[in-house]
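Enquirer: The amino acid sequence is not available; the structure is as follows:
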């Protein structure tokens, strides 16, 4: 805990107790000290509320991010009076568990609320539910990998691998192995090896090949990062080849595919200016790179997808996480800011739900149980309640032809679920998404081996508020490739 004897130091002007594994509450008496103007308590394990005595204090700088503080912020933070002449009061709060409402200060007081983990908040306006269930684990727990799908399989390429060794310290190492997941057999397999071992890579599938690009590796001899420019391709047999060079190599970029063309934007390269605003297209069939209109901003840690000729870019990081959603029109080569998400995000993943025409954002650096859906027609974002989700940052997410959202891999931070250190994830979860007040497509499927009597099975009955006529049945169709039966049903609006 914060030692109470500190409160007796009446002449103390500046207090630094950051990165000290402090636990317990913040004493209200701390902000009653008459000469204390600068406090750093960040990167500890402090709990409880932010004391209301801060509002009437003489504090001009407070950095208390990356703790476990909860509740709502005290009223009156924007009306603090001890504003320095020609300056402002700075209060940095991101990386806690504060709940809405979040005040917006006009001048004099700067509140950096940033990303909050609101999983324990009762006043979040959830507009749907994501029902998660555990499926098969990956062979390698990893984070910061490239992820993509060809519709039949999900792929995880490279990344930082995490190996638990019992009572010893876990081993972290960058990997060049590729795994793929078959949702019908519920199995991950090592599909390829020989990629450049790297972390924060990107991957996209085009015309029979998985392309892996970007990423970085740490060079111990020089205490520096190397950013890879090499583009590698994996064919259907798992063979790896070098196929191109990025004109502007970056790590942690956004990428998407439209009309067999890969688009790469944002990202960062500490060796050439930091965060990037550049956008390039890459056409694999003729190995051509083209520089296009730059983003309005320079961001690393961006993610996005292409839908109907438009790239939608979510989140991003430039010292602070971003909430603005940007759209790039591929046909007019123009960017625009189209909406603001309810919460900023970074270290997230993005996937397109083509059944319900929604873009799904999962995970976050701080709010690792975050799930939201974005409608590219209305520009509306809905926050979904995550039921049974294993929180994760730096993970992958895809929709495949069998329906449902799949999330896999990632990282959980120290303190989450009682972890004493960072934990790499090999877990995979599948989620059915239900949007309140909207029709929702749900897929039912059945392995043909479970139908011993022959003929086509069917679906009938009720599903919570979905009540078809009692004599209504929905016949399932057979897919010989996967040896399974399936049927897509459009559920009426309701709470399921």
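Expert: Yes, it's here. Computed from a predicted model, the values in this text were never measured in an experiment. Numbering: from 1, shown residues only.
Enquirer: Show me what counts as buried in stretch 357-371.
Expert: Going by neighbour count (16 or more other C-beta atoms under 10 Å), the buried part of stretch 357-371 is 358-371. (Each C-beta comes from the backbone N, C-alpha and C, glycine too.)
Enquirer: An error on my part: the question was meant for stretch 187-204.
Expert: 188, 191-192, 195-204.
Enquirer: what's the span of that stretch, first residue to last?
Expert: 21 Å (C-alpha to C-alpha, to the nearest Å).
Enquirer: And stretch 252-269, by the same measure?
Expert: Counting by C-alpha to C-alpha, you get 9 Å between the two ends of stretch 252-269.
Enquirer: returning to what we had before: now tabulate the buried residues of stretch 357-371 in CSV and tack on pLDDT.
Expert: As requested, the buried residues of stretch 357-371 are exported to CSV (pLDDT from 0 to 100):
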residue, pLDDT
358, 94
359, 97
360, 97
361, 97
362, 97
363, 94
364, 93
365, 91
366, 86
367, 88
368, 91
369, 92
370, 93
371, 95
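Enquirer: tell me which of those residues is nearest to residue 131?
Expert: Nearest to residue 131 among those: residue 371, at 10.7 Å, using C-beta to C-beta.
Enquirer: Can you tell me how far that closest one is from residue 128?
Expert: With distances taken as C-beta to C-beta, to the nearest Å, residue 371 is found 9 Å from residue 128.
Enquirer: Equivalent analysis for residue 435, please.
Expert: 4 Å.
Enquirer: ditto for residue 189
Expert: Residue 189 is 33 Å from residue 128, by C-beta to C-beta.
Enquirer: for the chain, what helix or strand is lowest in average pLDDT?
Expert: The helix or strand of the chain with the poorest confidence is strand 458-460; it has a mean of 65 (mean pLDDT, DSSP states H and E).
Enquirer: Surely residue 7 is in a helix?
Expert: Yes. Residue 7 forms part of a helix when assessed by DSSP: H, G, I helix; E, B strand; the rest coil.
Enquirer: quick one on the thing from earlier: can you list residues touching both of residue 371 and residue 128?
Expert: Counting by C-beta atoms under 8 Å, 6 or more residues apart in numbering, the contacts common to residue 371 and residue 128 are 384-385.
Enquirer: In contact with residue 49: list those residues for me.
Expert: The contact partners of residue 49, taken as C-beta under 8 Å, 6+ apart, are 25, 69-72, 74.
Enquirer: And the residues you listed, which two are furthest apart?
Expert: Maximum pairwise distance in the contacts of residue 49, criterion C-beta to C-beta, is 15.6 Å, between 25 and 72.
Enquirer: Now the buried residues of stretch 187-204 in JSON lines, please, with extra columns for distance to residue 421 and pLDDT.
Expert: Below are the buried residues of stretch 187-204 laid out as JSON lines (distance: C-beta to C-beta, whole Å; pLDDT from 0 to 100):
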{"residue": "188", "distance to residue 421": "25", "pLDDT": "98"}
{"residue": "191", "distance to residue 421": "30", "pLDDT": "95"}
{"residue": "192", "distance to residue 421": "30", "pLDDT": "96"}
{"residue": "195", "distance to residue 421": "27", "pLDDT": "95"}
{"residue": "196", "distance to residue 421": "27", "pLDDT": "93"}
{"residue": "197", "distance to residue 421": "22", "pLDDT": "94"}
{"residue": "198", "distance to residue 421": "23", "pLDDT": "94"}
{"residue": "199", "distance to residue 421": "18", "pLDDT": "95"}
{"residue": "200", "distance to residue 421": "20", "pLDDT": "96"}
{"residue": "201", "distance to residue 421": "24", "pLDDT": "96"}
{"residue": "202", "distance to residue 421": "27", "pLDDT": "97"}
{"residue": "203", "distance to residue 421": "28", "pLDDT": "98"}
{"residue": "204", "distance to residue 421": "33", "pLDDT": "98"}
